[in-house]
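1. Fold the following, please.
(2 chains)
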Protein chains: 2
Amino acid sequence: MSPPAPLDVDLVGVTDTSAVTIPDPLTVNGVSGWREKTAKMPTGVAASSSSDMFKRIISLGGGLPSADYFPFEHIDIKVPNPPGFSPEATRESGSVVRAGKHDIKDGTSLYDLEIALNYGQATGAAQLLRFITEHTEVCIIIHNPPYSDWQCTMTAGSTYAWDTALRLLTERGDYILMEEYTFASAAETAFPLGLKAVGIPIDEQGLIPEAMDEILSNWDENARGARKPFVLYTIPTGQNPTGATQSADRRKAVYKVAQKHDIYIVEDEPYYFLQMQPYVGQGAAAPPPPANHEEFIKALVPSFLSIDVDGRVCRLESFSKVIAPGSRVGWIVASEQMVERFIRNFEVSSQNPSGISQIVLFKLLDEHWGHSGYLDWLINLRLQYTDRRDALMHSCEKHLPTEIAHWVPPTAGMFHWIEIDWRKHPGVAAGKTREAIEEEIFLSAVEHQVLLSRGSWFKADKSAVMEKMFFRATYAAASSEKIDEAIARFAKCLRDQFGL
Amino acid sequence: MSPPAPLDVDLVGVTDTSAVTIPDPLTVNGVSGWREKTAKMPTGVAASSSSDMFKRIISLGGGLPSADYFPFEHIDIKVPNPPGFSPEATRESGSVVRAGKHDIKDGTSLYDLEIALNYGQATGAAQLLRFITEHTEVCIIIHNPPYSDWQCTMTAGSTYAWDTALRLLTERGDYILMEEYTFASAAETAFPLGLKAVGIPIDEQGLIPEAMDEILSNWDENARGARKPFVLYTIPTGQNPTGATQSADRRKAVYKVAQKHDIYIVEDEPYYFLQMQPYVGQGAAAPPPPANHEEFIKALVPSFLSIDVDGRVCRLESFSKVIAPGSRVGWIVASEQMVERFIRNFEVSSQNPSGISQIVLFKLLDEHWGHSGYLDWLINLRLQYTDRRDALMHSCEKHLPTEIAHWVPPTAGMFHWIEIDWRKHPGVAAGKTREAIEEEIFLSAVEHQVLLSRGSWFKADKSAVMEKMFFRATYAAASSEKIDEAIARFAKCLRDQFGL
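-> As a prediction, the model looks like this:
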């Protein structure tokens, strides 16, 4: 290990987003005009706003390897052209974008391998951070930032950002608040830090604010053996595992409870751009897709960030569901003060996300697609996931025994949460527990050659008693034909199990 | 954030190195023959040794995005051919290696973008892990693993591996052992965890085992307010900042002290392959370069790992100094039990290093160069750094006032540690402190347009009193001409300061 020597580390500053944040509403079409007005992109290795003072100096200070020894001369990436995004179109008519070693010196790009392959700032490279910040302002804060000193920093993935948030915000023995069923890895990140989770009851819109208020209002430090929680972890859109999406009103109500009890909200939003077209059922005419970028953006449910007047929200953003998980590049958006704390931690832990990932993303997003092309891509994803979700809904309607299987069609994300009325299972009369019946159904499904996730795997509080039974299915990866076959098998399993 | 759903997470195992570790001595030429005998490479997304049981099943379980939505069709990388590694040769006659989306299905590679761009195992991909494990066995453990259940896992950089090691091995309030001057970021990683550092006295061979023994033997829990340290952080080769390299005998002596006091050794070895040819001074005939790979490997000082009979060593490995820091891919080597703990932590924090970085490294190291080509590359680096080091030494001999400047030519790494006899500074008579004089010299050097790092920046224990004064110079990045000019400027600064 060896990031830049202390001198370089001290010179953090240029790639923070204060160089990128702007006061006026930013729109897709306004970006290029705005860029012309702003400062020249800093393009050096671990570029620093203070570097001017060293321009004539010869530095024998930092331990940065020479780019002569990076064994990559250039990287060519074949990428799709907007708006026709089918894999076939990409193979046949995609574009090749090149990242060379010395593009900056050659004047052909603002970012090159000489920079991307060396050590970088903990924020990630200014070149990509600019795009990310503009995207955040245009699509997520949406013309109305409730306070001006918000910032972004890249992260080596959202899981690591969440781990870092917990390290910054909690102490061993603390409780954190989560949806009663939550992304299992998010809970598994918390437990080894000595944390416990309280599950907040949820409905088809996710977190129930009244239930959250009740838990916090009646918090008994002695009974719990811990102080009142300070951190809420929530997946507001297309929640994992339930698929629930909090409406704008629901978010406002949750935010109010957070204000009342001084709760810091970490909103994990990997599925934000997997918000889909309304589900209208089989046979009905499909609602028209968004007519333009503005309509698309307006159709998105408002983020917690956009209603955050106190600086009590940290948003975890990810390219995993919209570009590729393997990039291991995410970012956070939060108040300047919080982002500064994340950066200080990254400097002595993950440092910065892979420079190779960053330049590949920059070439695609900034140089090739631009904001307009990226929005085309996101709209395309919206429609693709709508088709997938619809296929799964149609299969469920067609196959599943509605005497015992119930669900709400998801409006966002990758997941479908199916409730099974386990009390009608013949095992109940024989004295079997809910847990035993869930296991029996799961194993029977495997025997029927279909794999779904068991609801109990997602309990935030492992000691909580489950009244209900759920299985989670995803429509993200399998084809429509396979989805239909899988649901048919699951239906057969349920009929066998329940004697229907 | 959203790594594979719990089901996938539970199925960790196939990409751990138990599938890759072998009992017999492994040599460069023996690798291909051995590979033929071993199990087929697992090539699925987050490939798992238990996946056979699911082959006919349709999984609606894990939330993995479909590769159809990864907007990268292929990546072409232009890389140098061994053994002629000059940048000019690469531009003119390098090779282009391609990573396609479906190379595995197409039968053209063991690794492709469909896999690399999706979620992966915390160990990193088996494809690259195999190369790394073989490289570790051939070059670092060198034919003589002291125990058989050692393992490797990739890391999102060595800084993050070190952070993780501290999280696993220490408690708030603990002391850790470090060289009295150490890599500043390594100390900065420890301090926010509530740790303090004891600096162990060093000489031109680094850690002094007798001094380490004395500190530990006389540890006073009450006086220190902390239990006896358990972790030693050391940079045994080309130490940062001092450039010192521990000899084989020195390492054995340090290991014995570690055994006596039950100390766990974290050896941070980014500079291991920057071991250089012996320094023979100006005019003397340069020693011949290693005649072959075997001679090169034999010339390397033995790692702590190779003498570790207790499993008390964790080695931090990095591509940063030998390939490119921007890859943010490193790995650790340690006992199976320790590696398992790292993996469990990575699963809920950094997950795995960038898949884009991994496939770029795989294409270069495994498919294009192979072990033989990589060793050619490392030998080339050895000779390049020898030239750089020699240039700096010659400049120091030519310019620096030896009345007050003393040094030992480094045998490894990037750093040159220059002691300045500050007691001869005229400021002493005027009552100035060592600190004040160091600052004065540093600022005077900046005025003379040369930047060196101040020795006091590298103190492990910030409260320790420094008797001596040092400046650190690097020969890693500047050209020979610039190095000579920089040292001439520093010499002028010293003569001005000391009135010589």
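2. only C-alpha atoms for contact and neighbour calcs from this point on.
-> OK.
3. Quick one: the strands in the stretch 351-500 of chain A, in order.
-> With strands called from DSSP state E, counting those that start in this stretch, the stretch 351-500 of chain A shows them at A:405-406, A:415-420, A:450-451, A:453-454, A:470-474.
4. And the first one, how far out from the chain middle?
-> Put plainly, it is strand A:405-406. Centroid separation between strand A:405-406 and its chain, computed with CA atoms, centre = their mean, to the nearest Å, is 28 Å.
5. Next: the longest one.
-> Strand A:415-420 has its average C-alpha position 21 Å from the chain's average C-alpha position, going by CA atoms, centre = their mean.
6. Ok, the third one next?
-> The gap between the average C-alpha position of strand A:450-451 and the chain average comes to 26 Å, counting by CA atoms, centre = their mean.
7. and the stretch 201-350 of chain A, which of its residues are near chain B?
-> By CA under 8 Å from any CA of the partner chain, the part of the stretch 201-350 of chain A that sits against chain B consists of A:268-270, A:316-318, A:320-328, A:348-350.
8. need the strands of the stretch 351-500 of chain A in a markdown table with distance to chain B, can you?
-> A markdown table is the format used below for those (distance: least, CA to the nearest CA, whole Å):
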| stretch | distance to chain B |
| --- | --- |
| strand A:405-406 | 17 |
| strand A:415-420 | 8 |
| strand A:450-451 | 5 |
| strand A:453-454 | 5 |
| strand A:470-474 | 5 |
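9. Show me the one of those that comes nearest A:L166.
-> Each of these was checked against A:L166 via CA to CA, and the shortest separation belongs to strand A:415-420, namely 25.8 Å.
10. That closest one - contacts with which helices or strands?
-> Other elements packing on strand A:415-420 under the criterion 3 or more CA pairs under 8 Å, 6 or more residues apart in numbering or on different chains; DSSP states H and E are strand A:405-406, strand A:470-474.
11. Which members of the residues of the stretch 201-350 of chain A next to chain B occur in helices, if any?
-> Judged by DSSP state H, helices contain none of those.
12. Of these, which belong to strands?
-> Counting by DSSP state E, the members of these that fall within strands are A:D268, A:L316, A:E317, A:S318.
13. Just say which of the helices and strands packed on strand A:415-420 is most tucked in.
-> Scoring the helices and strands packed on strand A:415-420 by mean neighbour count under mean count of other CA atoms under 10 Å in any protein chain shown gives strand A:470-474 as the most buried, with a mean of 25.
14. Note down every partner strand of that one and its orientation.
-> The sheet places strand A:470-474 alongside strand A:415-420 (antiparallel), strand A:453-454 (antiparallel), with pairing taken from DSSP bridges.
15. Using CSV, lay out the ones you listed together with mean pLDDT and mean neighbour count.
-> Rendered in CSV, the data for the strands paired with strand A:470-474 read as follows (pLDDT from 0 to 100; neighbours: other CA atoms under 10 Å in any protein chain shown):
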stretch, mean pLDDT, mean neighbour count
strand A:415-420, 98, 23
strand A:453-454, 96, 22
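16. Redo these as TSV? Include distance to B:N380.
-> Putting the strands paired with strand A:470-474 into TSV (distance: least, CA to CA, whole Å) gives the following:
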stretch	distance to B:N380
strand A:415-420	52
strand A:453-454	52
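17. one step back: could I get the helices and strands packed on strand A:415-420 as CSV with mean pLDDT?
-> Conversion of the helices and strands packed on strand A:415-420 to CSV gives the following (pLDDT from 0 to 100):
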stretch, mean pLDDT
strand A:405-406, 98
strand A:470-474, 97
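18. Would you tell me which of those strands gets closest to A:S217?
-> A:S217 lies closest, by CA to CA, to one member of the helices and strands packed on strand A:415-420: strand A:470-474, at 29.3 Å.
19. ok, A:A248 - contacts?
-> For A:A248, the contacting residues are A:V301, A:P302, taking CA atoms under 8 Å, 6 or more residues apart in numbering or on different chains as the criterion.
20. Distance check, A:A125 against chain B.
-> In this structure, A:A125 and chain B are 11 Å apart, going by CA to the nearest CA, to the nearest Å.
21. Thought A:Q358 was touching that residue, still the case?
-> Yes. Using CA atoms under 8 Å, A:A125 and A:Q358 qualify as a contacting pair, with a distance of 7.5 Å.
22. Looking at the two, which one has more neighbours?
-> More crowded of A:A125 and A:Q358, by other CA atoms under 10 Å in any protein chain shown: A:A125, with 31 against 26.
23. okay, the more buried one: pLDDT?
-> Taken from the predicted model, the pLDDT recorded for A:A125 is 96.
24. And A:A46, by the same measure?
-> Per the predicted model, pLDDT is 60 at A:A46.
25. how about the helices in the stretch 51-200 of chain A?
-> Secondary structure of the stretch 51-200 of chain A (DSSP state H, counting those that start in this stretch): helices located at A:87-93, A:103-106, A:113-116, A:126-135, A:158-169, A:184-190.
26. what's the spacing between A:M466 and A:E435?
-> As for A:M466, its distance to A:E435 is 9 Å (criterion: CA to CA, to the nearest Å).
27. now A:P426
-> As for A:P426, its distance to A:E435 is 14 Å (criterion: CA to CA).
28. pretty sure A:I263 is in contact with A:L232, am I right?
-> Yes. With contacts defined as CA under 8 Å, A:I263 counts as touching A:L232 at a distance of 6.6 Å.
29. quick one on the thing from earlier: let's have the strands of the stretch 351-500 of chain A in JSON lines, adding distance to B:T402.
-> Formatted as JSON lines, the strands of the stretch 351-500 of chain A follow (distance: least, CA to CA, whole Å):
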{"stretch": "strand A:405-406", "distance to B:T402": "85"}
{"stretch": "strand A:415-420", "distance to B:T402": "72"}
{"stretch": "strand A:450-451", "distance to B:T402": "75"}
{"stretch": "strand A:453-454", "distance to B:T402": "72"}
{"stretch": "strand A:470-474", "distance to B:T402": "72"}
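30. Figure out which of those strands is closest to A:E295.
-> Of those, nearest to A:E295 by CA to CA is strand A:415-420, at 24.9 Å.
31. mind saving the C-alpha coords of that closest one as CSV?
-> The C-alpha coordinates for strand A:415-420 follow below in CSV (Å, rounded to 0.1, in the frame of the first residue of the first chain):
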residue,chain,number,x,y,z
PHE,A,415,-38.4,-7.8,-6.5
HIS,A,416,-41.8,-9.3,-6.1
TRP,A,417,-42.9,-10.1,-2.6
ILE,A,418,-45.5,-12.9,-2.4
GLU,A,419,-47.4,-13.5,0.8
ILE,A,420,-48.5,-17.1,1.5
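32. List of residues touching it?
-> A:238-243, A:404-410, A:468-476, B:63.
33. again, only this time at 7 Å
-> Among residues not part of strand A:415-420, those counted as contacts by CA atoms under 7 Å, 6 or more residues apart in numbering or on different chains are A:240-243, A:404-407, A:410, A:469-475.
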